[in-house]
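In: fold the following, please.
(chains A and B)
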Protein chains: 2
Amino acid sequence: MMTTILKIGGNVLNQPVQLADALDYFSTLKGPAILVHGGGRKASEVITAMGHRPLMVDGRRITDEPTLEIVTMVYAGLINKKIVAFLQQRNTNAIGLSGADGNAIIAHKRPVGTIDYGFAGDVDRVDAALLSGLLSLGLSPVLCSITHDEQGQLLNTNADTIANATAVALASLPQTVSLQYCFEFPGVMLDISDPSSAIKALTPAKYQELKKQGAIAGGMIPKLDNAFAALDKGVHEVVIGDLTTLRNGQGTHCRKGA
Amino acid sequence: MMTTILKIGGNVLNQPVQLADALDYFSTLKGPAILVHGGGRKASEVITAMGHRPLMVDGRRITDEPTLEIVTMVYAGLINKKIVAFLQQRNTNAIGLSGADGNAIIAHKRPVGTIDYGFAGDVDRVDAALLSGLLSLGLSPVLCSITHDEQGQLLNTNADTIANATAVALASLPQTVSLQYCFEFPGVMLDISDPSSAIKALTPAKYQELKKQGAIAGGMIPKLDNAFAALDKGVHEVVIGDLTTLRNGQGTHCRKGA
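Out: Numbering: from 1, shown residues only, chains lettered A, B, ... in the order given. Just a heads-up that it's a prediction; the model follows:
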């Protein structure tokens, strides 16, 4: 049986209709399934409403202490519990988790380099046995992007990274794992303005070729580098697409073989 | 083996040293243990910081929609995850839950009477089998005071009631359950200004007698009415005290027999 890890992005979370669609999709997945979500726009809204200023460098959030309190409230509290309640409404027995819950995801505070990201966490270990134990109780884990360091410190962590590390950890059990990234495009696009340019399938060789040609660039490169690293570590496939393509078994399928 | 349900009150949550003490105590409990917490002062602080006004009638919160969002953020997000991270630091494998998680606690929105409490939830059912399943995985559930109605609606619920309903549900498995209320007094006091006036033991008969005499009054009456109702439904004992008395096996012990 295939285990699915579905990661939903900020643009899906921000729109109630798209979020409902994504939860409909998640609740109809066959076999064990884990949902991973980030934060979307809400954290910045609460930060502003509470009189702070969202701190960003190169599109990445700087997590000072008030920001950590607020992302913990918004990601692990508001968004995670709303998603869990909406999944229960769909008869999916969801259980929301931060990395501290059940010691699910252990991370360390990112060392200060040229930039001090504050309370940002880099993942050390995902406890696949815990997730597997919860799945065996009939529960569907819903992971938010808050982790901890086992010393009492919560940490703000990239949700793509959590999805990736969770897929790799489950693959090592071993299990057959499909890692699906749901975002606003029908797949990895050769021309962002042309939906028909979405790539159907990517092998490591084809990816390297397209990267060399400059046909794949920007933010897709770290996403795909991580995807192929996950395949190297035993994940069966990584699929990237929007809800319509994922639902139809389309989107960009990354696999080791052809 | 005795299962302990420990409920910590707002005055314990508000003070970092007392909270640390309470978590030390919880992490040294023998046998399966479940922690239940309310919200403390933080929710009102966030409500005010976000430009709303805390709405209270007779000391009870009115949960309008912005208030529900904020209590969900504060109870299920910030406070719950901080407690879980602090317990992990103490090598207690805690897992934080709202009532929506694992469908743990189902409630219904309180009907509008003379007062409209808004999104306040009255408990219908605690899923003891789920809690038992989590305990059997070596996890210690940490319940916050947010529940849901299975139709996608989160609800703000009294933490004392959650602790009580959880104790009754576990007792029905059956299990031997000790329900402990940790607050700022060494027990049920005959004279609030005299710590030595704490009652050591209460039976139903003695409670009725003291209530008739007016020696027990005010906020303790609903607490104790609920305690004795829990004993009637199979809970082994209800203990009320502060951290020092609970730790020493003192506090007010309510039991059916003498």
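
In: surely residue A:144 meets residue A:82?
Out: No: applying CB atoms under 8 Å, one finds residue A:144 not in contact with residue A:82, separated by 11.1 Å. Backbone N, C-alpha and C define where each C-beta goes, glycine included.

In: for the residue of the stretch 1-150 of chain A found nearest chain B, what are its contacts?
Out: Closest residue of the stretch 1-150 of chain A to chain B, CB to the nearest CB: residue A:77 (2.1 Å). Shown in contact with residue A:77 (CB atoms under 8 Å, 6 or more residues apart in numbering or on different chains): B:72-78, B:80-81.

In: in a helix, residue A:81, correct?
Out: Yes: applying DSSP: H, G, I helix; E, B strand; the rest coil, one finds residue A:81 inside a helix.

In: quick one, phi/psi of residue A:131?
Out: phi -60, psi -40 (degrees, to the nearest 10).

In: which residue packs closest to it, ignoring adjacent ones?
Out: Nearest residue to residue A:131, sequence neighbours excluded (CB to CB, 6 or more residues apart in numbering or on different chains): residue A:141, at 5.6 Å.

In: who touches the strand or helix carrying that neighbour?
Out: Assigned by DSSP states H and E, residue A:141 belongs to strand A:140-143. Outside strand A:140-143, the residues that touch it by CB under 8 Å, 6+ apart are A:26, A:32-37, A:80, A:83-84, A:87, A:92-99, A:104-105, A:131, A:134-135, A:162-163, A:166.

In: of the residues you listed, which belong to helices?
Out: Using DSSP state H, the subset of the contacts of strand A:140-143 located in helices is A:26, A:80, A:83-84, A:87, A:131, A:134-135, A:162-163, A:166.

In: what does the stretch 151-258 of chain A put close to chain B?
Out: Neighbours of chain B within the stretch 151-258 of chain A, by CB under 8 Å from any CB of the partner chain: A:151-154.

In: out of those residues, which is most surrounded?
Out: residue A:154 (27 neighbours; other CB atoms under 10 Å in any protein chain shown).

In: can you tell me which residues contact that residue?
Out: Here residue A:154 is in contact with A:68, A:72, A:98, A:100, A:119, A:146-148, B:81-82, B:85 (criterion: CB under 8 Å, 6+ apart).

In: same list (those) but as TSV, adding distance to residue B:50 and pLDDT.
Out: Shown next, in TSV, are these (distance: CB to CB, whole Å; pLDDT from 0 to 100):
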residue	distance to residue B:50	pLDDT
A:68	17	97
A:72	16	98
A:98	22	98
A:100	25	98
A:119	22	98
A:146	20	98
A:147	26	98
A:148	26	98
B:81	19	98
B:82	20	98
B:85	24	98
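
In: tell me the one of those residues nearest residue A:232?
Out: residue A:147 (23.1 Å; CB to CB).

In: what's near enough to touch the closest one?
Out: Counted by CB under 8 Å, 6+ apart, residue A:147 has contacts A:98-100, A:105-107, A:121, A:123, A:154-155, A:157, A:162.

In: most neighbours among those, which one is it?
Out: Ranked by neighbour count (other CB under 10 Å), the contacts of residue A:147 have residue A:100 at the top, with 34 neighbours.

In: distance check, the residue in the stretch 101-250 of chain A positioned nearest to chain B against residue A:16.
Out: Nearest to chain B in the stretch 101-250 of chain A, going by CB to the nearest CB, is residue A:152, at a distance of 3.8 Å. To residue A:16, residue A:152 is 35 Å away according to CB to CB, to the nearest Å.

In: now the helices for chain A?
Out: Under DSSP H, chain A gives helices at A:10-13, A:16-27, A:42-49, A:65-71, A:80-89, A:128-136, A:159-171, A:204-213, A:220-232, A:243-247.

In: can you list the low-confidence ranges for chain A?
Out: Along chain A, segments meeting pLDDT under 70 span A:258.

In: ok, the most far-flung residue of it relative to its centre - contacts?
Out: Within chain A, the residue lying farthest from the chain centre (CA atoms, centre = their mean) is residue A:51, at 28.8 Å. Each residue near residue A:51 by CB under 8 Å, 6+ apart is listed here: residue B:49.

In: also the one 4 residues further on?
Out: The neighbourhood of residue A:55, defined by CB under 8 Å, 6+ apart, consists of A:61-62, A:64, A:67.

In: same question for residue A:245.
Out: A:186-187, A:198, A:251.

In: beta partners for the residue nearest to residue A:131?
Out: Counting by DSSP bridges, residue A:141 forms beta bridges with residue A:95.

In: how near is it to residue A:32?
Out: Residue A:141 is 9 Å from residue A:32, by CB to CB.

In: again, but for residue A:114
Out: 41 Å.

In: and these two? Which one has more around it.
Out: residue A:32 (22 against 5).

In: quick check: phi and psi on that one?
Out: Main-chain torsions, residue A:32, degrees, to the nearest 10: phi -60, psi 140.

In: ok, it - contacts?
Out: For residue A:32, the contact set (CB under 8 Å, 6+ apart) comprises A:1, A:3-4, A:135, A:140.

In: need these in JSON lines (columns: distance to residue B:204 and neighbour count).
Out: Converted to JSON lines, those look like this (distance: CB to CB, whole Å; neighbours: other CB atoms under 10 Å in any protein chain shown):
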{"residue": "A:1", "distance to residue B:204": "53", "neighbour count": "7"}
{"residue": "A:3", "distance to residue B:204": "52", "neighbour count": "23"}
{"residue": "A:4", "distance to residue B:204": "54", "neighbour count": "21"}
{"residue": "A:135", "distance to residue B:204": "45", "neighbour count": "19"}
{"residue": "A:140", "distance to residue B:204": "44", "neighbour count": "22"}
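
In: residue A:68 against residue A:156, yeah?
Out: Yes: counting by CB under 8 Å, residue A:68 touches residue A:156, with 6.1 Å between them.

In: between the two, which has more neighbouring residues?
Out: Between residue A:68 and residue A:156, counting by other CB under 10 Å, residue A:156 is the more crowded of the two (26 against 19).

In: what sits against the residue nearest to that one when sequence neighbours are not counted?
Out: Using CB to CB, 6+ apart and skipping the chain neighbours, the partner closest in space to residue A:156 is residue A:63 (4.3 Å). By CB under 8 Å, 6+ apart, the contact set of residue A:63 is A:71, A:117-120, A:155-156.

In: who's residue A:63 bridged to?
Out: residue A:118.

In: how near is residue A:109 to residue B:120?
Out: From residue A:109 to residue B:120 the distance is 39 Å (CB to CB).

In: the two: which has the busier surroundings?
Out: residue B:120 (20 against 17).

In: now do the contacts for the residue nearest to the more buried one when sequence neighbours are not counted.
Out: Leaving out its chain neighbours, the residue that sits closest to residue B:120 by CB to CB, 6+ apart is residue B:110, at 4.5 Å. Going by CB under 8 Å, 6+ apart, residue B:110 touches B:117, B:120-122.

In: tell me which entries of those residues lie within strands.
Out: B:121-122 (DSSP state E).

In: residue A:216: which of the contacts of residue B:110 is nearest?
Out: For these, the nearest to residue A:216 is residue B:121 (49.2 Å; CB to CB).

In: I figured the closest one hits residue B:98, correct?
Out: No: between residue B:121 and residue B:98 there is no contact under CB under 8 Å: 10.8 Å.

In: so what sits against both of these two?
Out: B:147-148.

In: can you report how many residues neighbour residue A:71?
Out: With other CB under 10 Å as criterion, residue A:71 counts 30.

In: name all residues that make contact with it.
Out: A:39, A:43, A:61, A:63, A:146, A:156.

In: make it 6 Å
Out: A:43, A:156 (CB atoms under 6 Å, 6 or more residues apart in numbering or on different chains).

In: tell me how far residue A:128 lies from residue A:135.
Out: 10 Å.

In: next: residue A:64.
Out: Applying CB to CB to residue A:64 and residue A:135 gives a distance of 36 Å.

In: same check on residue A:100?
Out: 19 Å.
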